[in-house]
Structure formats: C-alpha cells, structure tokens
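Undergrad: Using only what follows, build the 3D model:
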Amino acid sequence: MMNFLLSHLRAKLMVLVLLPLGAGAALTALRIHHQYEVVVGLTPLTATSRLGARLGDLVHALQAERGFTALFQGTKGQAFIQELRARRQATDAALQAFAAEQQTPRIATLAAPALNSLKRLAALRLSVEGSRSAAALMDDYSTLVGELLALQDRLVQPAAGTPLEARFHALSALMHQKEQAELERAVLANAFSNQAFAGDQRDRFVGLMARQDAEARAFRRSAPPAWQAAHDQALGGSFQEDYRRIQEQGAAASTHLPEVDPFVWFRIATARLEAFKAAEGRFTQDLITEAEALEGAAKRTGILLVAGSLAFGALVLAWTHVTGEKVLRPIHALEEGFARLRKGDLSVRLAVDGQDETARVTEAFNSTCEQLGFMTSLLKDAAHRVAGEAQGLSASADRVSGTTQQLAKSTLGQRQAAEQVSAAMLQLSSSVEDLETTLHAVRGEGRRAMDLARGARSLGEEARTLVEGIRLRSDQAVQASALISELGRRLTQALANVPSEAIRQALERSIQASEAAAGLAKQNGLAVAESHSRLNDLGTALEENLQALAAMDHLAQEIGLVARDQVAASREVSRRMQDTSRGTGEVQLAAAQLANTVPEVNLTAKELAGVAIGLASTADNFTLA
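TA: This is a model prediction of the structure:
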C-alpha cells in the first residue's frame with residue numbers, strides 16, 4: 001500500500017511538472033515551427049539573391065550588346081564588328097550562368113518566361129545584319145531586357161514580408177534606372193551618328209530621362225542610407241559633368257543635333273553604366289550576404305531553440321527528480337517506520353526535518369509511537385491485574401459452588417418438611433370440612449357448638465392461610481405453629497362441652513391433626529431457620545463474588561454479564577427462600593440453577609485469566625523505548 005502511495009505521489013509530481021513542461025514544450029514547438037517556416041521562407045532568398053546577381057549580369061551583358069549593335073548599325077556595319085562579337089559572347093556566358101543558377105522549382109517557374117523570350121535572341125542577332133532599322137532592333141532588344149527586368153520584379157515575391165523586401169525593391173528600381181540609362185545611350189549614339197533624331201526618337205529620349213528620374217526616386221524610397229550614399233557616389237564620378245552637358249544638348253535640340261562624336265558620348269555613357277553596374281554588383285553582393293546571414297541566423301535560432309528546449313526539459317526533469325527525492329525521502333522514512341511498527345517495535349523514532357506538512361506527519365508518527373508504548377505498558381499492567389483478579393474470581397466461584405451445594409441439600413430437607421406440612425394442612429382441611437358437615441348435621445344442637453365450630457373453621461382457615469403463608473415468609477411458619485397450638489387448645493376446651501360422640505371424635509381427630517401440624521410446622525420453622533442461615537452464608541459468598549465482579553467489570557464484559565446472571569440467580573434464590581409462598585420446590589430449583597451457573601462463572605473466570613495472561617504475553621512482545 002505504501003509503495004503504491006509512493007508511486008502515486010511520484011506520478012502526481014511528474015504530472016504536475018509535465019503539464020507546464022508540456023505546455024512550454026508545445027509553445028516551444030510552435031516557436032520552432034515558426035522559426036522553421038522563417039528558415040524555409042529565408043532559404044529561397046539566398047537563391048533568389050544569387051539569381052538576381054546572375055540576372056543583373058545578363059541584363060548588363062544584353063544592354064552592352066544592344067549598345068554595340070546600335071553603334072554597328074550607325075556605322076552601316078563598317079566598325080565595331082569585333083566588339084559586337086565579344087559582347088555577344090559575354091551575353092552567352094551570362095545566359096549560361098543565369099540558367100545554371102536556377103536551383104528550386106519555384107525559381108525555375110519564375111524564370112521560365114524570361115528564358116523562353118531569350119530563345120528569340122539568335123533570330124534577333126541574325127536580323128542585325130539584315131535590312132531592319134536600328135530603332136526596330138533597339139525595340140527588340142528592349143523587349144528582351146524588359147522580360148528580364150520583369151523577372152527581377154517577380155523576384156521580390158519570395159522576399160515579401162522579410163527584412164530584405166525593401167532592398168529587393170530598391171535593386172529592382174536601380175536595374176530599371178540602369179535600363180533607361182542604357183536606352184538613352186543607344187538612342188543618343190544613333191542620333192549623334194546621323195546628326196539628327198530619327199522619327200519619334202527625340203520624344204523617346206525625353207521620356208527616358210523622365211523615367212530615369214522616377215526610378216531614382218523609387219530607389220531612394222526603398223534603399224537603405226548606405227545604398228543611397230553608394231548610389232550617389234557611383235553616379236558622381238568624373239564623367240558626370242560631360243554626361244550632363246551632352247544630355248542637355250540632346251534635350252535642347254529639336255531636329256538637328258550639334259556635332260558630337262558618338263564615340264565620345266558612348267564612352268561617357270558607358271562609364272556611367274559601368275558605375276551603375278558597380279553599384280548594382282555591390283548591392284547584389286550585400287543582398288546575398290544579408291540573405292545568407294538571415295538564413296544562418298534563423299537556422300542558428302532554430303538550433304538554439306531546440307537545444308535550449310532540450311536543455312530546459314532536462315534541467316526541469318533533473319530538478320523534479322531532486323525535488324521529488326527530497327519530498328519523498330521523509331515518506332520513505334515513514335514507510336520504514338511503519339514497517340518496524342507493524343513488527344511490534346514501538347521504540348522507533350524518526351528524524352524531523354523542517355516544518356512542512358511531512359515534518360508534522362513525522363512528528364505525529366513519533367507521538368503515536370510514544371503513546372502506543374505508554375498504552376502498551378498500561379495494558380501489560382492491567383493484564384497482570386486482570387489475571388490476578390480472574391484467579392480470585394475463580395476461587396470465589398469455587399466457594400459459591402460449595403455454598404450452593406450445601407444450600408441445595410438444606411433446601412431438600414425444607415422441601416420435604418414443606419410437603420409434609422402441605423399434606424397435614426390438606427388433612428386438616430379435610431377434617432375441618434368433615435367437622436363442618438357434622439356441624440351442619442347437628443345444627444340444632446346449640447348455638448355455642450355452632451359458634452365453636454365456626455370458630456374452629458375460621459381458625460382452620462387461618463391455619464391454612466398461615467401454612468400457605470409459609471411459602472411467603474419463613475418467619476410466618478412459627479406464627480402458624482402457634483395458631484395451630486391455640487387451635488388445638490380451643491378444640492380441647494370445646495371437646496369437653498360437645499355432647500355428640502361423633503363431633504367429639506371429629507374434634508379429637510382435628511386436635512391430633514393440629515398437634516401433628518404444629519409439630520411439622522416447628523420442624524418446618526427449624527428447616528426455614530437453617531435455610532436462612534445457609535442463605536446468609538450464601539449472601540456473604542455472593543457479596544464477595546459481586547465485589548470481584550465489580551473490580552473486573554471494566555475489563556471483561558462477558559464476566560460481568562455472567563456475574564450479573566449469578567447475582568440475579570442468587571437474589572432469586574434468596575427471594576424464593578424468603579418467599580416460601582412459592583414453595584421449597586422453587587427454592588431447590590433456583591439452587592440447582594445457581595449450581596449450574598457457578599461452573600460457568602468459574603470457567604469464564606479461568607478463560608478470562610487465560611486471555612489476560614495471553615494479553616500480557618502479547619504486550620511483552622512489543623519493544624518499548
């Protein structure tokens with residue numbers, strides 16, 4: 001039971017700890033899951049950033065190819081053949097690097113439209129040597145570049161909701177600004193080669209300037225201060241003054257352009273585009289570095305969360321184990337103490353540690369053991385006293401048994417005497433009835449004889465009543481004897497005055513019966529006196545018995561019940577002996593019952609003595625402090 005209790009307590013402690021620990025583990029799991037989602041969300045950023053870098057290289061190479069294509073067209077195919085071929089090779093290398101950078105299905109899906117549009121590049125290159133105009137070629141190249149810039153805009157989607165979203169927007173705006181600057185280079189290079197704008201090229205040039213300013217403002221809205229400073233520094237190089245001057249000349253011209261060497265413009269615009277490319281490369285590298293840092297930080301955070309959760313769980317379990325052992329140690333001690341107590345070792349005492357509930361239970365256990373030891377000592381003393389009293393009770397019961405046997409013998413004589421008295425009274429009654437009959441027969445013989453007869457009958461009735469009263473009280477037997485003697489004396493007197501012989505004979509028989517009854521009454525009185533003496537002895541013995549029973553009443557309920565039965569039987573015998581109206585036969589019966597009860601009392605007293613001795617022996621088996 002105690003082991004079950006300890007297991008139950010240990011289970012409760014574990015439940016009390018595991019419930020909040022489980023709640024914390026659930027929250028930690030949610031946090032780890034969230035962190036995992038962050039890691040999963042940040043993982044494409046690195047790949048997206050790398051793809052953006054390759055995309056920037058491809059756009060720059062395609063822009064350079066477009067610019068040299070414009071120069072090639074402006075010279076009618078007479079110059080820039082080798083430069084155009086080199087630019088095409090650079091574009092092909094950038095395209096291969098861009099295609100190789102596609103690592104995830106999501107990025108491949110985003111890049112698919114741009115790759116499909118680049119398949120037209122081969123046909124576009126063939127048309128350069130044909131009869132297509134420079135403006136149409138520039139539009140075709142711009143369409144391809146626009147597809148790539150649209151892809152750059154779509155690359156912002158994986159960064160949505162992350163710290164890098166604004167930087168992706170800024171990089172996209174920078175690439176659009178660079179595209180407008182490259183288109184501006186191509187348009188002016190073609191215009192300066194022909195000394196005039198062809199068609200709507202001037203309006204296109206003005207629009208390109210406006211879009212450059214718009215993209216610059218978009219870049220500043222999204223870019224961090226460091227990127228803004230780098231952007232301003234890249235575009236504030238030595239070429240900026242010449243670039244602004246030539247740009248203003250082109251914007252001021254309506255139809256014919258001033259004489260500007262297209263190669264000088266191309267070189268200045270190219271230097272500006274290279275500055276754009278340098279800033280773009282730096283920003284792209286910063287973006288890759290920050291994406292890798294965010295991904296690494298997210299992974300480290302997830303690892304730290306898992307490790308911290310495991311460490312915290314282990315710490316909580318260890319603390320629970322230590323605390324549980326500290327809590328259960330006093331209960332283990334109580335278990336051992338109870339085991340020793342069950343074996344009868346009342347000297348066990350447990351150390352009390354602290355003032356908590358367990359310490360109070362331990363104190364109560366020690367107090368209980370002390371009280372049990374004290375009560376066991378009292379029990380041993382009481383058991384020895386009970387054994388002594390039971391032996392005394394057994395001796396008293398033996399004395400009562402002897403007295404009861406004597407009483408039975410004396411009651412037998414009393415019963416015989418009472419039976420003789422009863423027979424004499426019956427004979428007397430019969431004689432009185434005969435006398436009454438004779439008196440009725442001789443009614444006329446005289447009033448005095450009738451009166452004497454009536455008196456004799458009255459005395460006879462009184463004698464019968466007195467004789468019957470012997471059964472009520474033993475001292476009435478003596479009075480009955482006196483009345484019977486008086487009756488005999490009066491009958492003797494009456495005998496002298498009775499003239500009838502028949503009456504005289506009847507009176508003589510009555511006198512003889514009266515004398516016999518008086519003698520028997522005297523004998524009965526002597527028997528009753530002897531019975532009274534025996535009853536006095538019996539009363540003394542019963543008094544001793546009652547004293548012994550009173551001493552043992554609180555220790556043995558059974559002996560008390562038997563003793564009360566004995567007292568009741570003794571009182572009944574005494575009452576029956578004193579009240580002879582119920583006959584000496586009832587007295588003898590009560591004496592017999594008492595004689596039968598005394599052995600039971602004696603046996604019960606001996607059993608009580610055995611129980612007391614066994615109780616004392618059991619108490620001796622306890623180990624006291």
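Undergrad: Pull out the buried residues from the helix or strand where residue 89 lies.
TA: Under DSSP states H and E, the secondary-structure element containing residue 89 is helix 81-100. For helix 81-100, a neighbour-count test (16 or more other CB atoms under 10 Å) marks 84, 87, 88, 90, 91, 94, 95, 98 as buried. Bear in mind the C-beta positions are built from the backbone N, C-alpha and C, glycine included.
Undergrad: Including pLDDT and distance to residue 64, could those residues go into TSV?
TA: Output for those, formatted as TSV (pLDDT from 0 to 100; distance: CB to CB, whole Å):
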residue	pLDDT	distance to residue 64
84	88	10
87	90	5
88	92	10
90	94	7
91	94	8
94	92	10
95	90	13
98	87	15
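Undergrad: Can you tell me which of those residues is closest to residue 617?
TA: When the buried residues of helix 81-100 are compared for distance to residue 617 (CB to CB), residue 98 wins out at 105.8 Å.
Undergrad: Settle this for me: the closest one is touching residue 54, isn't it.
TA: Yes - under the criterion of CB atoms under 8 Å, residue 98 is in contact with residue 54, at a separation of 4.3 Å.
Undergrad: will you turn the buried residues of helix 81-100 into JSON lines that also has distance to residue 617?
TA: Conversion of these to JSON lines gives the following (distance: CB to CB, whole Å):
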{"residue": "84", "distance to residue 617": "126"}
{"residue": "87", "distance to residue 617": "121"}
{"residue": "88", "distance to residue 617": "121"}
{"residue": "90", "distance to residue 617": "116"}
{"residue": "91", "distance to residue 617": "116"}
{"residue": "94", "distance to residue 617": "110"}
{"residue": "95", "distance to residue 617": "111"}
{"residue": "98", "distance to residue 617": "106"}
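Undergrad: Residue 502: neighbour count?
TA: Number of residues near residue 502 (other CB atoms under 10 Å) recorded here: 12.
Undergrad: Touching, residue 75 and residue 193? I think so.
TA: Yes - counting by CB under 8 Å, residue 75 sits close enough to residue 193 to count as a contact (7.1 Å).
Undergrad: Who has more neighbours out of these two?
TA: Neighbours around residue 75 and residue 193, counted as other CB under 10 Å, are more numerous at residue 193. The numbers are 22 against 14.
Undergrad: List the residues that contact residue 242.
TA: Under the criterion of CB atoms under 8 Å, 6 or more residues apart in numbering, the neighbours of residue 242 are residue 268.
Undergrad: Just the residues contacting the helix holding residue 89, thanks.
TA: For helix 81-100, using CB under 8 Å, 6+ apart, the contacting residues are 51, 54-55, 57-58, 60-62, 64-65, 68-69, 71-72, 111, 115, 118, 121, 125.
Undergrad: Kindly indicate which of the buried residues of helix 81-100 lies nearest residue 339.
TA: Nearest to residue 339 among these is residue 98, at 82.9 Å by CB to CB.
Undergrad: Quick check: the gap between the closest one and residue 347.
TA: Distance, residue 98 to residue 347, by CB to CB, to the nearest Å: 93 Å.
Undergrad: Low-confidence regions, the stretch 51-200 of the chain specifically.
TA: 102-103, 131 (pLDDT under 70).
Undergrad: the helices in it, which residues?
TA: Read by DSSP state H, counting those that start in this stretch, the stretch 51-200 of the chain holds these helices, from start to end of the chain: 81-100, 105-118, 121-128, 134-154, 165-194.
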